[in-house]
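# Got a predicted structure here, sequence first:
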Amino acid sequence: LAKTTQPISMDSYEGQEVNITCSHNNIATNDYITWYQQFPSQGPRFIIQGYKTKVTNEVASLFIPADRKSSTLSLPRVSLSDTAVYYCLVASGTDSWGKLQFGAGTQVVVTP
Amino acid sequence: GAVVSQHPSRVICKSGTSVKIECRSLDFQATTMFWYRQFPKKSLMLMATSNEGSKATYEQGVEKDKFLINHASLTLSTLTVTSAHPEDSSFYICSARSQGGSIQYFGAGTRLSVL
């Protein structure tokens, strides 16, 4: 399992764009990059997944450079309800077990 | 996204009793399910991986006789905490993954409090 490193915390104001960068230097060829959001006392919620370049959905964008050793989750125009812990994970899409190793995550705090 | 239902959301029990937690994939077949444990302000810790119809694989340090996992169907996995003690109090979360799928979908979690 590739290890990931991301900032412990980030602060932002409402309406701003939040970018969280995650390092995964040992990512393997078959690995996907997945981001989850977790609120207190709730299970993680899937945000976005990507393999390379850029992926965008209705919630966020994921930027992955060509070497795939890092990725950046971009949350556009955050609101107070985006205050949560965000986890960056790397796991094999072809591995029959699909284990995820959660790191400490990034605590994002959005203030008015 | 796919929906994973976990029940109960909260349980309080006396020390020495056993508690069963259910995890169901509602709109897909989950060939693999995972069980995690999370302590306050800490990250999720994988406890075990279960594939439908076979024995669960436990992570190092997790007692298989303490945490019984059954994955009898493609939509249901259960975690039974046997002879629970106060130190077993924690937040337990399940996730499910379809065959060939690269995304794990998580349940809402179960808060276990052992008195």
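Noted; the coordinates are in hand. Numbering: from 1, shown residues only, chains lettered A, B, ... in the order given.
# wait, doesn't B:Pro86 sit right on B:Ser15?
Yes. In terms of Cβ atoms under 8 Å, B:Pro86 counts as a neighbour of B:Ser15; the distance is 6.3 Å. (C-beta placed from N, C-alpha, C; glycine too.)
# hey, what's in contact with both of the two?
B:114-115 (Cβ atoms under 8 Å, 6 or more residues apart in numbering or on different chains).
# the more surrounded of the two?
More crowded of B:Pro86 and B:Ser15, by other Cβ atoms under 10 Å in any protein chain shown: B:Ser15, with 12 against 9.
# Return the residues in contact with residue 13.
Here I'm looking at chain A. A:Tyr13 neighbours (Cβ under 8 Å, 6+ apart): A:110-112.
# nope, chain B
B:19, B:84, B:112-115.
# Each with direction, which strands does the least confident helix or strand in chain A by mean pLDDT pair with?
Of all helical and strand segments in chain A, the minimum by mean pLDDT, DSSP states H and E falls on strand A:84-92, at a mean of 92. Applying DSSP bridges, strand A:84-92 is found paired with strand A:31-38 (antiparallel), strand A:106-111 (antiparallel).
# before we move on, back to that, of the contacts of A:Tyr13, which is the nearest to A:Pro65?
A:Val110 (26.6 Å; Cβ to Cβ).
# pLDDT value on residue 9, please?
No chain in the question, so chain A it is. Looking at A:Ser9, its pLDDT stands at 97.
# that's the other chain; I wanted chain B
Value for B:Ser9, per-residue pLDDT: 97.
# my guess is it contacts B:Arg111, does it?
Yes. Counting by Cβ under 8 Å, B:Arg111 is a contact partner of B:Ser9 at 7.0 Å.
# Tell me which helix or strand the residue nearest to the spatial centre of chain B sits in.
The geometric centre of chain B, computed from its C-alpha atoms, lies nearest to B:Trp35 (Cα atoms, centre = their mean), at 3.6 Å. Secondary structure from DSSP states H and E places B:Trp35 in strand B:30-38.
# Okay then, goodbye and thanks.
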